[in-house]
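Colleague: Generate coordinates for the sequence data below:
(2 chains)
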There are 2 protein chains.
Amino acid sequence: MQPRERKLWGWGLASYEVPAPLLELARAFLSARLGRQLPEPRQAPTLDSIHMPEPARPMPPPLRDFATTERCDRAVHTYGKAFRDVVRALDGDFSPAPDFVAYPRDEADIQTVLRLAESERLAVIPFGGGSSVVGGIEPESASRARYSAVLSLDLRRLDRVLEVDRASRCARVQAGVYGPALESQLRPHGYTLRHFPQSFEFSTLGGWIATRAGGHFATLYTHIDDLCESLRMLSPRGSVETRRLPGNGAGPEQNRLLLGSEGAFGVITEAWLRLQDLPRFRASCTVRFASFESGAAACQALSQSGLFPANARLIERDEALFMGAGDGEHHILVLGFESAQFPQDDKLRAAISLCEATGGKPGRVSLRTTEHGSSDDAAEQWKQSFVRAPYLRDELVRSGLLCETFETCTTWANFPALDAAVRTAAQQVLASECGGGLLTCRFTHLYPDGPAPYYTVIAPSEFGKQVAQWDAVKDAVSDALIASGATITHHHAVGKDHRRHYLRQGDELAIAMLQAAKSAVDPAGIMNPGTLLPLRT
Amino acid sequence: MQPRERKLWGWGLASYEVPAPLLELARAFLSARLGRQLPEPRQAPTLDSIHMPEPARPMPPPLRDFATTERCDRAVHTYGKAFRDVVRALDGDFSPAPDFVAYPRDEADIQTVLRLAESERLAVIPFGGGSSVVGGIEPESASRARYSAVLSLDLRRLDRVLEVDRASRCARVQAGVYGPALESQLRPHGYTLRHFPQSFEFSTLGGWIATRAGGHFATLYTHIDDLCESLRMLSPRGSVETRRLPGNGAGPEQNRLLLGSEGAFGVITEAWLRLQDLPRFRASCTVRFASFESGAAACQALSQSGLFPANARLIERDEALFMGAGDGEHHILVLGFESAQFPQDDKLRAAISLCEATGGKPGRVSLRTTEHGSSDDAAEQWKQSFVRAPYLRDELVRSGLLCETFETCTTWANFPALDAAVRTAAQQVLASECGGGLLTCRFTHLYPDGPAPYYTVIAPSEFGKQVAQWDAVKDAVSDALIASGATITHHHAVGKDHRRHYLRQGDELAIAMLQAAKSAVDPAGIMNPGTLLPLRT
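Modeller: A predicted model of the protein is given here:
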């Protein structure tokens, strides 16, 4: 997949079209729900129509072999995929474009970039698949004056599984590999990483690690963190490489210092990953609940049961209906177990009994066994339910809707208060900014001490004001998250969009420790300036 | 338990005596195995007979309400419980004694200590139960000249469970609480932490957190890390307090920055802990293996099976025999499952079938169900098999034996090479230093990508040379661990004893990041100088 195959203004491939009936259904449903006509979709911008400044300076000669100033490359490296990114791209505003896009062929090229960046004061933005929804890969305008230019460092060429260790069930993998390419390289060995974020097709291992992405498993191995045995990162001061250790106890855990560093410390280049055998046994069921509270109570019981379902997503009825997964009257819990070795029927039955105890009504139980392990139907399911969503979101934004999500986690004890605070804040700000709107919730991951609630906002918006409208909504709901003791992100990372609330979330002194740690590897402050940590004053 | 109830020169209570027949058996067994007569036990030192310098300076007045220079208090805060600590104590050498021992009543007292320590250049050594086996609580002699005095900060008065959150199954607990007191405060609520390190009786929550202690569960929740929802630490620059978040994804994980910091960043004062329901259903079995390799193969299969046994300890035959748990011909795997809600029979059967596939012979299966959840028999079992061991070790050291352990973790692929390298190094150094000796191995924890091997060394030694002999052995086996790609510690921490190998283990730049992080909270370098991180030059 080449840069020019990517859609210029939003998610995925330029060639993909949302099926017209599906789009029509979505528009009709939302039009009815929001009580207003949706405008005709806006024209999509083209490479010729967008506004993009010339590069701030000529390309430094050492970069010429693997970097470019091509308009197309710069355009697809300008924004992530948040609502505010799509809107600005639709507006044709590509003023934040990086000056150069580099495609290093190997670590030596990365070292060339970092060396040059220090001496020539280039800002370096590590780029995986560009699926950030938090402004993680966009140059900060405030930082522009501090640097001679901004370089987007795209790791797509480092895309190989280098080694497989069967005994330890691990693989050494280059950070620039995209999700599907990773899985297809693992499959001949009988393995799968089973890390399927919604961005799977258009995000990379390095991006997952840098942002602590959340994946397939609803319990236990929720973040990519848990799947990383060791990491390798290149920083301006040299390489950081942790040992392959299953459970190292020497000092503060070094992998965890790099996981979630969002390019602010350096560039993740490789990792040893803990793999899974391809599942053979699957047991799943959809359970309906008359109230979200009773569904949440079932999730709480499940999370503390030691059953560890692979899938346990509680979806609010409106959202389930819109996703074609419910009847609109019931909240649904999608429940699933999987194993390469053992039938999961008993576990599913035990989980269902916990759901019934809080009022859940189980649907048909599905028990499947495949002769050989396969990832096909999990992949298919994911494709069906998830892949289309961001494409559809783009089309709805073109149709004048504000469509965005935010996510968090909190304790079971605190969830009701948090949810109430979020809903109150959202309703107020949606009323004043957009004249109303919808807010739905689902749980994406479950922990023994609490859920990870994921909210979706859909509201009418006004062309020309959409970014400001969303910023106001986001500010209000983020304030509610922080005031309620939750986190600004469970798995979307901080980037620049969440930074202010991340700093308010604290802990201030812990963040000062991270800032000091950054200085030890990036004293010149060239690595992804303004992402995660503020620019030093 | 007051300081004067503690044994001056080794493990536990002064009042406890190892049953004479047990000691006689152990002496006879080891005498036969080592092929030499053991000398008569040395005289134990008394408070009057030991050498301890006077405090380096008078007590600063602000500390007088809660600190002391009493000889007894200083003596029991001088050493941890490593072999080299016991030997020096038996020698009556208490020259490293701290000058003051403080027993803060609350956080205000701790703040007083930290403030004063900065202005008066006191070295501050946070002290939990004093069970360090890596020199974690001993003042470094090289640091003495840099400080006006050394203060041991004993948190024993901060020993309460402050809050219980039933919905989230968590409790807020003060760091100075000892294991038994913690469990007895949780039991009325129907909960248990189920963190049972061998040191359980004589170690504290704060110590577990600062050293990343390993506990009860052989899989999944192996370290205290996994049980910590949030932490509070007081540093010289102020408090660090993380939010209660089940799965925070905002930036590098802040809890993990404090876990394993060994007092070098500050003093852990509180934590929110993830609790367990008291187990009702238990299923266990001991499986015999003719070779350690076939036992290890079973452990590998178990670790990758998704069954997650609570207990899965593979014990080499000599060690099993010595612990009274085997016939001396077979290596044994102690296998157990537990749950508060569901019978574990099927899981145990599945685990046994994996063991049989690699040649394991299962013994009698034990299935137990209790009416109400109980922790009694797990606690009893632990008491029987574990509690006596360090007391017995002390007596054997008095009888002229070198008795010590070291532990690590590595990948399944690397374990055979690591084990061979360790055995070769140990045999050579034991032959040259001690004229021979025994080395045994067990697996204490299992991960999908590798085991945590735990080695025990027993050898003849010479009074007056014991510390030097062990240091030579330790150096040789530590070199082997590091050269073989393993870690210097899986759950014993780094302290001062492992520091040199910790720095060789790397990563150098990651350690520079930790050093920078320390400077952000402890710019004067008063916190546990020389532990984990080297003194700044």
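
Colleague: Which strands and helices lie in contact with the helix or strand that contains A:V86?
Modeller: Here A:V86 is covered by helix A:83-90, with elements defined by DSSP states H and E. Judged by 3 or more C-beta pairs under 8 Å, 6 or more residues apart in numbering or on different chains; DSSP states H and E, helix A:83-90 is in contact with helix A:388-398, strand A:401-407, helix A:466-483. Yep, even glycine has a C-beta here, placed from its N, CA and C like the rest.

Colleague: Just give the closest residue to A:G80, not the sequence neighbours.
Modeller: In space, and not counting its chain neighbours, A:G80 is closest to A:S132: 3.4 Å by C-beta to C-beta, 6 or more residues apart in numbering or on different chains.

Colleague: Pretty sure the one you found sits against A:H77.
Modeller: No. Using C-beta atoms under 8 Å, A:S132 is not in contact with A:H77; the gap is 11.3 Å.

Colleague: if we can go back for a sec, deepest in the core, which of the helices and strands packed on helix A:83-90 is it.
Modeller: Comparing these by mean neighbour count (mean count of other C-beta atoms under 10 Å in any protein chain shown), strand A:401-407 comes out on top with a mean of 23.

Colleague: Report whether that one contacts chain B.
Modeller: No. In terms of C-beta under 8 Å from any C-beta of the partner chain, no part of strand A:401-407 sits within range of chain B; the closest distance is 8.8 Å.

Colleague: Contact partners for A:D109?
Modeller: Going by C-beta atoms under 8 Å, 6 or more residues apart in numbering or on different chains, A:D109 touches A:D65, A:F66, A:A102.

Colleague: oh, I was asking about A:I526
Modeller: A:I526 neighbours (C-beta under 8 Å, 6+ apart): A:L114, A:A117, A:E118, A:R121, A:L122, A:A123, A:V124, A:Y147, A:P236.

Colleague: The fifth one bridge partners, please.
Modeller: The residues paired with A:L122 through beta bridges, assigned by DSSP bridges, are A:A149.

Colleague: Without its sequence neighbours, what residue ends up closest to A:F202?
Modeller: Closest to A:F202 by C-beta to C-beta, 6+ apart is A:G129, at 4.6 Å.

Colleague: Wait, a helix at that neighbour?
Modeller: No. Applying DSSP: H, G, I helix; E, B strand; the rest coil, one finds A:G129 to be coil, outside a helix.

Colleague: Run through the helices of the stretch 351-500 of chain A in chain order.
Modeller: Applying DSSP state H, counting those that start in this stretch to the stretch 351-500 of chain A gives helices spanning A:376-382, A:388-398, A:415-434, A:466-483, A:499-505.

Colleague: Next, the angle strand A:401-407 makes with the longest one.
Modeller: Read it as helix A:415-434. Here helix A:415-434 points in a direction 160 degrees away from that of strand A:401-407 (axes from the mean of the first three to the mean of the last three C-alpha atoms, to 10 degrees).

Colleague: Buried residues in helix A:415-434, which are they?
Modeller: By 16 or more other C-beta atoms under 10 Å in any protein chain shown, the buried positions in helix A:415-434 come out as A:F415, A:L418, A:D419, A:A421, A:V422, A:A425, A:A426, A:V429, A:L430, A:E433, A:C434.

Colleague: who's in contact with the first one?
Modeller: Meaning A:F415. Contact analysis of A:F415 by C-beta under 8 Å, 6+ apart lists A:A296, A:G450, A:P451, A:P453.

Colleague: any idea how far the closest residue to A:T405 other than its chain neighbours lies from chain B?
Modeller: If the residues on either side of it in the chain are set aside, A:T405 comes closest to A:T456, at 5.0 Å by C-beta to C-beta, 6+ apart. Per C-beta to the nearest C-beta, to the nearest Å, A:T456 is found 18 Å from chain B.

Colleague: so can I have JSON lines of the helices and strands packed on helix A:83-90 showing distance to B:L302 and mean pLDDT?
Modeller: Shown next, in JSON lines, are the helices and strands packed on helix A:83-90 (distance: least, C-beta to C-beta, whole Å; pLDDT from 0 to 100):
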{"stretch": "helix A:388-398", "distance to B:L302": "39", "mean pLDDT": "93"}
{"stretch": "strand A:401-407", "distance to B:L302": "35", "mean pLDDT": "97"}
{"stretch": "helix A:466-483", "distance to B:L302": "41", "mean pLDDT": "98"}
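
Colleague: With distance to A:A320 as extra columns, can I get those in JSON lines?
Modeller: Below are the helices and strands packed on helix A:83-90 laid out as JSON lines (distance: least, C-beta to C-beta, whole Å):
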{"stretch": "helix A:388-398", "distance to A:A320": "13"}
{"stretch": "strand A:401-407", "distance to A:A320": "15"}
{"stretch": "helix A:466-483", "distance to A:A320": "21"}
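
Colleague: returning to that earlier point: beyond the helix holding A:V86, next helix or strand please.
Modeller: strand A:100-102.

Colleague: before we move on, back to that, A:E319 is in contact with the residue nearest to A:T405, correct?
Modeller: Yes. A:T456 lies in contact with A:E319 (C-beta under 8 Å); the separation is 6.2 Å.

Colleague: quick one: common contacting residues for these two?
Modeller: Shared contacts of A:T456 and A:E319 (C-beta under 8 Å, 6+ apart): A:T440, A:C441, A:R442.

Colleague: Now flag whichever of the residues you listed is closest to chain B.
Modeller: Ranked by distance to chain B (C-beta to the nearest C-beta), the shared contacts of A:T456 and A:E319 are led by A:R442 at 15.1 Å.

Colleague: What is the neighbour count of A:D346?
Modeller: 16 (other C-beta atoms under 10 Å in any protein chain shown).

Colleague: Dihedrals phi and psi, it?
Modeller: Geometry field for A:D346 lists phi and psi as phi -60, psi -40, criterion degrees, to the nearest 10.

Colleague: That one: what's it in contact with?
Modeller: A:D346 sits next to B:D346 when contact means C-beta under 8 Å, 6+ apart.

Colleague: So which of the helices and strands packed on helix A:83-90 is nearest A:A250?
Modeller: Nearest of the helices and strands packed on helix A:83-90 to A:A250, taken as C-beta to C-beta: strand A:401-407 at 33.2 Å.

Colleague: Listing partners with orientation, what would you give for the closest one?
Modeller: Paired strands of strand A:401-407, defined by DSSP bridges, are strand A:450-460 (antiparallel).

Colleague: Measure how far the strand it pairs with is from the centre of its chain, please.
Modeller: What separates the centre of strand A:450-460 from the centre of its chain is 14 Å, taken as C-alpha atoms, centre = their mean, to the nearest Å.

Colleague: for it, what is the average pLDDT?
Modeller: In this model, strand A:450-460 has an average pLDDT of 98.
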